[in-house]
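**Student:** my questions are about this predicted structure, shown below with the sequence.
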Amino acid sequence: MSIPKLEFPPFHLPPEAEALRADVRAFLKETLPGIKTEDRFASWNTPSPEFSRALGQRGWIGITWPKQYGGSERSFLDRYVVTEELLGNSAPAGSHWVADRQSGPLLLRFGSEEQRQAILPRITKGECFFSIGMSEPDSGSDLASVRTRAEPVSGGFRVNGTKVWTSGAHRNHYCIALVRTSGQHGDRHKGLSQILVDLKTPGVTIRPIINLAGRHDWNEVTFNDAFIPESCLIGNEGDGWLQVTSELAFERSGPERFLQNFYVLRELVRVLGRQPAKRAASVLGRLIARLWTLRQMSVAVGGMMQGGKSPAIEASLVKDLGTIYQQDLPEIARVLAESDATTEEDMADFLDVAQYATMMAPSYTIQGGTTQVLRGIVARGLGLR
Amino acid sequence: MDRETRDMLLETADRFFTERCGREVVNGVEKGVWPAEFWKEIEEMGLPLIAVAEERGGAGGTLADMLSVLRLAGAHAVPVPLAETALANLLGSAAGATPATGPSTVVFGPLTFAGNRLSGEVARVPFASVAQRFVVVATASDGPKVAIVAASSARIKGTPSHAGEPYGTVSFDNAACEFVGPSPVSAERADELGALMRAMQMAGAADKVLATVVEYCKQRTQFGRPISTFQAIQQMLAELASYVAATIASAETAARDADEGGLAEGGSFSIAAAKSLTSEFAQRIAAIAHQSMGAMGFTHEHILHHYTRRLWVWRRDFGSETFWGEKIGSAYAKAGPQALWPALSASRYAA
């Protein structure tokens, strides 16, 4: 048979990463009760600058980065443990999440020395937060069709265009925007670059886009003759496409793709009580088995990445399975609670939790690459296209 | 055995199964023809003795070595009790017996053991009607025992499985045992080991289903082009790949955990989770595979059913997702919400 083997070699997180886990748990146990958040059930998209600063003080943001930029030079697997502990313990990790996961690594890899020195140490202290400026009104899955234009002018660029779904732009300091710096719309991957945008730049306007759950996470960011200095170009002119594709790989394989609504499972355990009926226990156990499998797959991908491989197809499979699990979870949990919650009061409360989770669920299979785009990547890996 | 030796063994076994376990052998077993020559060759290769210690005539391999061969057997729909005999030999030899030749099977269930005699009835015993002996783990007053009973000392009612394999109900009525020894594992653990071996066979079968379906869709032409070029098919097969990947990953992780943690208790939770997952995903895999292959895959002529029917049977063997899910769910519920994440991230039952 000629198709590539799908293998997720079982991988143990190393002892130093497990030791770090104990430290992170102790820190969270102490810190979380004192942190105020807007969310009852926090996750990686719940902002809390206060929490991020506390985490930064421990050296757990930008943990893999060189010490000269404020990092701790620890392994990718140490970072994995920190992120999954934040998620598993419902920490409000939203302020620094994007900077830690992709903006910082991007600057480290492609940015100028000046950019790194100016930005990275502030990220690691939990004082500098980032938004992603990729999508536009006419460019979602088809990212190469972006229209925002950065026209070279003396000393920099004059930028015009609109970015949308820009999470946290109203709170964050910077946005990394994918823009056309040369050529024409229709040139696709050619002529695209990424620029570092201070969100306070004159000519940059941020307007809220409220999501269906009534939350203000997203924004529309409009550039109207905004001047961006030349020093804010990231890497070489025209390398934008290469940069975003490498960034999307960071975005896909992490534990946030199956632990984002972990609170639903934890609350379900609570409302079912200590001795659920057989059927209820069985449904709960099957959910736990699915989640355990996802975690093992994700850890295996982490092991492959640590070993110098780039398991793009495997990462896509984890996001596909993980986000679908996250969509199934609130539905299965709601039905189960309706029949098996131990008290009426618990049930009513839990149904509100599940309802909220249901409203958030459609986003999981859209953000960071839709299920259909991911399956296209997998199909290519299977040799079908 | 070291990695290199195991890879060599797997390569040899893969070639052997490809050559000697074709569709006619699998279909023959379904018609009641015992492939005596094929079984003899399996024994000559030493496959049922992989995890048996060298001083008992085995290859001295590990549980992981044995399971890797069983995954391969699953990928070839090997229609003889290789898995059952390998597990029977592992348990029997660890209890002090020297493995005999001939096919065996394991009988795990509500059996009573008193005065070296065995009583009780277990249904859906794999390969009950072709096994020459039954290997049982039963609890006696002084701990669990491995008992070996000759087929002639048991009553067997053959009820072929839905995959056409000679399953059946086995009854012991104060049956005399050929051998009794102290068991290295509890009766509950024996069931876990059965579940683990099935999970690995399912991983093999799932892998084969994906490969079969992908090849088919690349060759099958409709509307003037291979159907693999249609987005609808591509999306289905990518989804299929995700379920196959999860099946393989969960089974392999459980195999590693069982091997590392030792025969008596290693990977107890991982096995439960893996058998729950593989059993739950069996239908998703079979459903997409059959839909992709249309009427062709629904025929007896095509080999797809050798694998999909086994997935449907194996998901029930040694506990389905209902059974293992309940076990996991009950333990986690009992431990309460705060224990959920620490237990899950440590691959253990919440305590």
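**Tutor:** Okay, I see it. Numbering: from 1, shown residues only, chains lettered A, B, ... in the order given.
**Student:** so how far is stretch A:103-117 off the chain centroid?
**Tutor:** Taking Cα atoms, centre = their mean, to the nearest Å, the mean C-alpha location of stretch A:103-117 is offset from the chain mean by 19 Å.
**Student:** could you do stretch A:349-363 as well?
**Tutor:** 20 Å.
**Student:** contacts for that stretch?
**Tutor:** With contact meaning Cβ atoms under 8 Å, 6 or more residues apart in numbering or on different chains, stretch A:349-363 is reached by A:40-41, A:211-213, A:261, A:263-264, A:267-268, A:270-271, A:326-327, A:329-331, A:333-334, A:337-338, A:341. To be clear about C-beta, it is placed using only N, CA and C from the backbone, and glycine gets the same treatment.
**Student:** cutoff 6 Å now
**Tutor:** Stretch A:349-363 has contacts (Cβ atoms under 6 Å, 6 or more residues apart in numbering or on different chains) with A:A213, A:N261, A:V264, A:E267, A:V271, A:Q327, A:P330, A:A333, A:R334, A:A337.
**Student:** between those residues, which is nearest B:L9?
**Tutor:** Using Cβ to Cβ, A:Q327 comes nearest to B:L9 of the contacts of stretch A:349-363, at 42.3 Å.
**Student:** so who does the closest one touch?
**Tutor:** Contacts of A:Q327 by Cβ under 6 Å, 6+ apart are A:A361, A:Y364.
**Student:** which residue sits closest to residue 241, ignoring its sequence neighbours?
**Tutor:** No chain in the question, so chain A it is. A:H189 (4.1 Å; Cβ to Cβ, 6 or more residues apart in numbering or on different chains).
**Student:** oops, chain B please
**Tutor:** Per Cβ to Cβ, 6+ apart, closest to B:A241 is A:V378, 5.5 Å.
**Student:** how many residues are close by the one you found?
**Tutor:** When counting by other Cβ atoms under 10 Å in any protein chain shown, one arrives at 25 neighbours for A:V378.
**Student:** list the contacts for it?
**Tutor:** With Cβ under 6 Å, 6+ apart, A:V378 has these contacts: A:I313, A:S316, B:A238, B:A241.
**Student:** where's the second one, which helix or strand?
**Tutor:** Here A:S316 is covered by helix A:312-340, with elements defined by DSSP states H and E.
**Student:** report the distance from the very next helix or strand once past that helix to the chain centre.
**Tutor:** Downstream of helix A:312-340, the first helix or strand assigned by DSSP H and E is helix A:344-360. Relative to the centre of its chain, helix A:344-360 is centred 25 Å away, using Cα atoms, centre = their mean.
**Student:** next: stretch A:360-373.
**Tutor:** 12 Å.
**Student:** may I have that stretch as PDB, with CA atoms only?
**Tutor:** Provided in PDB are the C-alpha atoms of stretch A:360-373 (Å, rounded to 0.1, in the frame of the first residue of the first chain):
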ATOM      1  CA  MET A 360     -19.400  29.000  21.800                       C
ATOM      2  CA  ALA A 361     -19.000  25.600  20.100                       C
ATOM      3  CA  PRO A 362     -19.400  26.700  16.500                       C
ATOM      4  CA  SER A 363     -16.200  28.800  16.700                       C
ATOM      5  CA  TYR A 364     -14.000  25.800  17.500                       C
ATOM      6  CA  THR A 365     -14.100  24.200  14.000                       C
ATOM      7  CA  ILE A 366     -13.600  27.600  12.300                       C
ATOM      8  CA  GLN A 367     -10.800  29.300  14.100                       C
ATOM      9  CA  GLY A 368      -7.200  28.300  13.200                       C
ATOM     10  CA  GLY A 369      -8.300  26.500  10.000                       C
ATOM     11  CA  THR A 370     -11.800  25.200   9.400                       C
ATOM     12  CA  THR A 371     -12.400  21.500   9.600                       C
ATOM     13  CA  GLN A 372     -12.900  21.500   5.800                       C
ATOM     14  CA  VAL A 373      -9.500  23.200   5.200                       C
END
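**Student:** got phi/psi on A:S112?
**Tutor:** phi -80, psi 160 (degrees, to the nearest 10).
**Student:** just give the nearest non-adjacent residue to it, would you?
**Tutor:** A:S231 (7.1 Å).
**Student:** what is the burial count for residue 183?
**Tutor:** Picking chain A for this. 12.
**Student:** my question was about chain B
**Tutor:** Neighbour tally, B:S183, other Cβ under 10 Å: 24.
**Student:** isn't it right up against B:A138?
**Tutor:** No. The criterion here is Cβ atoms under 6 Å, and B:S183 misses it with B:A138 at 8.3 Å.
**Student:** pLDDT weak spots in the stretch 251-351 of chain B?
**Tutor:** Scanning the stretch 251-351 of chain B for pLDDT under 70 picks out nothing.
**Student:** can you map out the helices along it?
**Tutor:** B:268-297, B:304-314, B:321-335, B:340-344 (DSSP state H, counting those that start in this stretch).
**Student:** make JSON lines out of the ones you listed and add mean neighbour count and distance to B:L10.
**Tutor:** Formatted as JSON lines, those follow (neighbours: other Cβ atoms under 10 Å in any protein chain shown; distance: least, Cβ to Cβ, whole Å):
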{"stretch": "helix B:268-297", "mean neighbour count": "23", "distance to B:L10": "20"}
{"stretch": "helix B:304-314", "mean neighbour count": "23", "distance to B:L10": "19"}
{"stretch": "helix B:321-335", "mean neighbour count": "24", "distance to B:L10": "27"}
{"stretch": "helix B:340-344", "mean neighbour count": "20", "distance to B:L10": "32"}
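**Student:** sorry, back to before: can you pull the residues that touch both of B:S183 and B:A138?
**Tutor:** B:K145.
**Student:** now the strands for the stretch 201-350 of chain A?
**Tutor:** All strands of the stretch 201-350 of chain A, identified by DSSP state E, counting those that start in this stretch, fall at A:204-209, A:218-229, A:233-234.
**Student:** list the contacts of B:H300.
**Tutor:** Here B:H300 is in contact with no residue (Cβ under 6 Å, 6+ apart).
**Student:** hang on, the earlier thing: where does the residue nearest to B:A241 land on pLDDT?
**Tutor:** At A:V378, the model reports a pLDDT of 95.
**Student:** ok now stretch B:218-236, how far from the chain's centre?
**Tutor:** 33 Å.
**Student:** ok, stretch B:62-80 next?
**Tutor:** That offset, for stretch B:62-80, works out to 8 Å (Cα atoms, centre = their mean).
**Student:** next: stretch B:37-49.
**Tutor:** 17 Å.
**Student:** could I get the CA-only coordinates of it as CSV?
**Tutor:** Extracted in CSV, the C-alpha atoms of stretch B:37-49 (Å, rounded to 0.1, in the frame of the first residue of the first chain):
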residue,chain,number,x,y,z
GLU,B,37,-1.4,-25.8,7.3
PHE,B,38,-1.5,-22.1,8.0
TRP,B,39,-1.7,-22.7,11.7
LYS,B,40,1.2,-25.1,11.6
GLU,B,41,3.3,-22.5,9.9
ILE,B,42,2.3,-19.9,12.5
GLU,B,43,3.6,-22.3,15.1
GLU,B,44,6.8,-23.0,13.2
MET,B,45,7.5,-19.2,13.2
GLY,B,46,7.0,-19.2,17.0
LEU,B,47,4.3,-16.5,16.9
PRO,B,48,2.1,-17.9,19.6
LEU,B,49,5.2,-18.1,21.9
